[in-house]
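Student: Turn this into a structure:
(one chain, ligands or ions: 1)
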Amino acid sequence: MPNESDPQTVVNPSGLLDALMQSSGHIGILHRAVESARNGICITDATAQDNPIIYVNPAFLELTGYTLDEIVGHNCRFLQGADRDQPELQIVRHSLAAGLPSTAILRNYKKDGTLFWNELSLAPVFDSQKQVINFIGVQNDITARKDAEQRVSEFHSMVSHELRTPLSSIRASLGLVIDGSAGEIPTSAKRLIQIASQNAERLLKLVDDVLDLKKIESGKLVLHFEMIEPGSLVRDVLDSLPAITANGISIKKDIAKTKQFCADRDRVSQVLINLLANAIKFSPPRSEIVITVENQRDAVKFSVKDQGPGIPPEGQGKLFMKFQQLDSSDTRPHSGSGLGLAISKTIIELHGGTIGIISEPGQGSTFWFTLPLVPKVE
Ligand SMILES: Cc1cc2nc3c(=O)[nH]c(=O)nc-3n(C[C@H](O)[C@H](O)[C@H](O)COP(=O)(O)O)c2cc1C
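Tutor: Coordinates of the predicted model:
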């Protein structure tokens, strides 16, 4: 039973609605459709005090475990029980006050107290005078999805942390052997150890990417802003990539005199390194990569152009999504977690900038990003 005062007298709203529905074929169809929907559907009276429920469909009753009599005339907040401290309720309140549609994910409780995650979509219903007379809410039970997300997230952190420590130690030990700190080793063994070391490095990068992404997704990535001179940033990035000219690939800089910009130096370097590493990975031997820095009105634009195979338009959209390799049909052994571009996109967007690609098959690719001179952080 909802923990609120008794409902005001409601003249069996469902019966009223039934009578209305039968008056026209169309409305009859609508009624049957709403009654058959698998999602909960709830209509409230926005003109009455506290927006009480006037209709819910059978799926709503099935989802919540309440009967119609127990809830008609009540505000839907009874579904939150005592769990009222939910930031997403602000979205709901704002949407109701402004008469705007919204979607919020709320913790709700069935009549027997069981928690379920409710993805609630709200929309105002207007009369002919454009006044909001009702709201319609569609309840989508996403508990299974939330549970799966939680399990994946726990698995990620367990795997990441359990892997990171031993991997760092393997990499350090292999480094010492390669350096000769552990004594002379035959050339053939050295080569094998170098391969092992490169692969340990690659695995560590994957683990770090997963950890980064988790940090970003949980809103824990904090940016440390400072004034940056674009030319010095590019120079530092190039210095940190010793293997940059492997395979005879050369890197040219075309850096305009730009104003300084305010950003997180380490994070922007991370994006640039990621774009350069991708460009190197996909460049043919002895080709050229060009890094350009240009002025825009209130922003600075960085571009990394390669002479690689290019990416067809239909492949470009998913490039910045998680776990997407640049070219999954390509059988060459391109290492990488498929997370770099997703992380780069988030970093740039956290600064209020944008990131994108211009590419055509056979014409190479230009990955670019812009950063506002002053970050637009929400
Ligand atoms: C049509 C409609 C359906 C709603 N459905 C739900 C719901 O399923 N679960 C929920 O927790 N809140 C739901 N709400 C939101 C609450 O009724 C209420 O607006 C929210 O708790 C914020 O207001 P409050 O701070 O006054 O409680 C719905 C609101 C409307 C208008």
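
Student: any idea of the pLDDT on whatever residue of the stretch 151-300 of the chain ends up closest to the ligand?
Tutor: Nearest residue of the stretch 151-300 of the chain to the ligand (CB to the nearest ligand atom) works out as G219 at 22.6 Å. Bear in mind the C-beta positions are built from the backbone N, C-alpha and C, glycine included. The model reports G219 with a pLDDT of 70.

Student: Need the three-state assignment for it.
Tutor: When classified by DSSP: H, G, I helix; E, B strand; the rest coil, G219 comes out as coil.

Student: If you count neighbours, what's buried in stretch 134-150?
Tutor: Within stretch 134-150, the residues scored as buried using 16 or more other CB atoms under 10 Å are 134-141, 146.

Student: ok, which of these also contact the ligand?
Tutor: 135-137, 139 (CB under 6 Å from any ligand atom).

Student: Contacts only, for the closest residue to the ligand within the stretch 51-200 of the chain.
Tutor: Nearest residue of the stretch 51-200 of the chain to the ligand: G137, at 2.5 Å (CB to the nearest ligand atom). Listed by CB atoms under 8 Å, 6 or more residues apart in numbering, the contact set of G137 reads 40-44, 76, 120-122.

Student: List the pairing partners of the helix or strand that contains it within its sheet, with orientation.
Tutor: In this structure, G137 sits in strand 132-141 according to DSSP states H and E. Taking DSSP bridges as the criterion, strand 132-141 forms sheet pairs with strand 40-45 (antiparallel), strand 115-126 (antiparallel).

Student: In the following helix or strand past that strand, which residues are buried?
Tutor: As assigned by DSSP H and E, the chain's next helix or strand after strand 132-141 is helix 143-179. Within helix 143-179, the residues that qualify as buried are 146, 156, 160, 164, 167, 170-171, 173-174, 177, counting by 16+ other CB under 10 Å.

Student: ok, of those residues, which one's closest to E201?
Tutor: Nearest to E201, judged by CB to CB, of these is R171 at 6.1 Å.

Student: do you know how far that closest one is from G180?
Tutor: For R171, the distance to G180 equals 17 Å [CB to CB, to the nearest Å].

Student: right, and E201 touches S168 too?
Tutor: No - assessed by CB atoms under 8 Å, E201 is found out of contact with S168, at 10.4 Å.

Student: rewinding a little: out of the contacts of G137, which touch the ligand?
Tutor: 42, 44, 76, 120, 122.

Student: Max pairwise distance over those residues: which two?
Tutor: The most widely separated members of those are T44 and L120, with 12.1 Å between them, by CB to CB.

Student: low pLDDT regions in the chain?
Tutor: Scanning the chain with the threshold set as pLDDT under 70 gives 1-24, 218, 241-246, 323-337, 376-378.

Student: Domain map for it?
Tutor: The chain resolves into domains spanning 13-141, 146-217, 225-372 when parsed by automatic domain parsing.

Student: From K322, how far off is the spatially most central residue of the chain?
Tutor: Compute the mean C-alpha point of the chain, and by CA atoms, centre = their mean the closest residue is E217, 6.6 Å away. E217 sits at a distance of 9 Å from K322 (criterion: CB to CB).

Student: So D254: helix, strand or coil?
Tutor: Following three-state DSSP, the label given to D254 is strand.

Student: which of the ones next to the ligand among the contacts of G137 count as buried?
Tutor: Using 16+ other CB under 10 Å, the buried ones in those are 42, 44, 76, 120, 122.

Student: so, in contact with the ligand or not, whichever helix or strand Q90 is part of?
Tutor: Counting by DSSP H and E, the element that carries Q90 is helix 89-98. Yes - interface with the ligand: helix 89-98 contributes 89, 92-93, 96 (CB under 6 Å from any ligand atom).

Student: Reformat those as TSV; add neighbour count and distance to K259.
Tutor: Listed next are the residues of helix 89-98 next to the ligand as TSV, based on neighbours: other CB atoms under 10 Å; distance: CB to CB, whole Å:
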residue	neighbour count	distance to K259
L89	14	42
V92	20	43
R93	12	42
L96	17	44
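
Student: With distance to W368 as added columns, please give these in CSV.
Tutor: Below are these laid out as CSV (distance: CB to CB, whole Å):
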residue, distance to W368
L89, 39
V92, 38
R93, 40
L96, 41
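
Student: before we move on, back to that, and the strands paired with strand 132-141 as CSV, adding distance to K257?
Tutor: Converted to CSV, the strands paired with strand 132-141 look like this (distance: least, CB to CB, whole Å):
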stretch, distance to K257
strand 40-45, 60
strand 115-126, 50
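
Student: Ends of stretch 91-109, what's the gap?
Tutor: Taking CA to CA, to the nearest Å, stretch 91-109 runs 19 Å from one end to the other.

Student: Flag every buried residue along it.
Tutor: Of the residues in stretch 91-109, 91-92, 95-96, 102, 104-109 count as buried by neighbour count, 16+ other CB under 10 Å.

Student: what would those residues look like in JSON lines with distance to I54?
Tutor: Formatted as JSON lines, the buried residues of stretch 91-109 follow (distance: CB to CB, whole Å):
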{"residue": "I91", "distance to I54": "23"}
{"residue": "V92", "distance to I54": "18"}
{"residue": "S95", "distance to I54": "19"}
{"residue": "L96", "distance to I54": "15"}
{"residue": "S102", "distance to I54": "20"}
{"residue": "A104", "distance to I54": "21"}
{"residue": "I105", "distance to I54": "25"}
{"residue": "L106", "distance to I54": "21"}
{"residue": "R107", "distance to I54": "25"}
{"residue": "N108", "distance to I54": "20"}
{"residue": "Y109", "distance to I54": "22"}
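
Student: Quick check: the residue nearest to E360 when sequence neighbours are not counted vs the ligand, distance?
Tutor: Excluding the flanking residues, the one nearest E360 by CB to CB, 6 or more residues apart in numbering is G310, at 5.2 Å. Distance of G310 to the ligand, given as CB to the nearest ligand atom, to the nearest Å: 48 Å.
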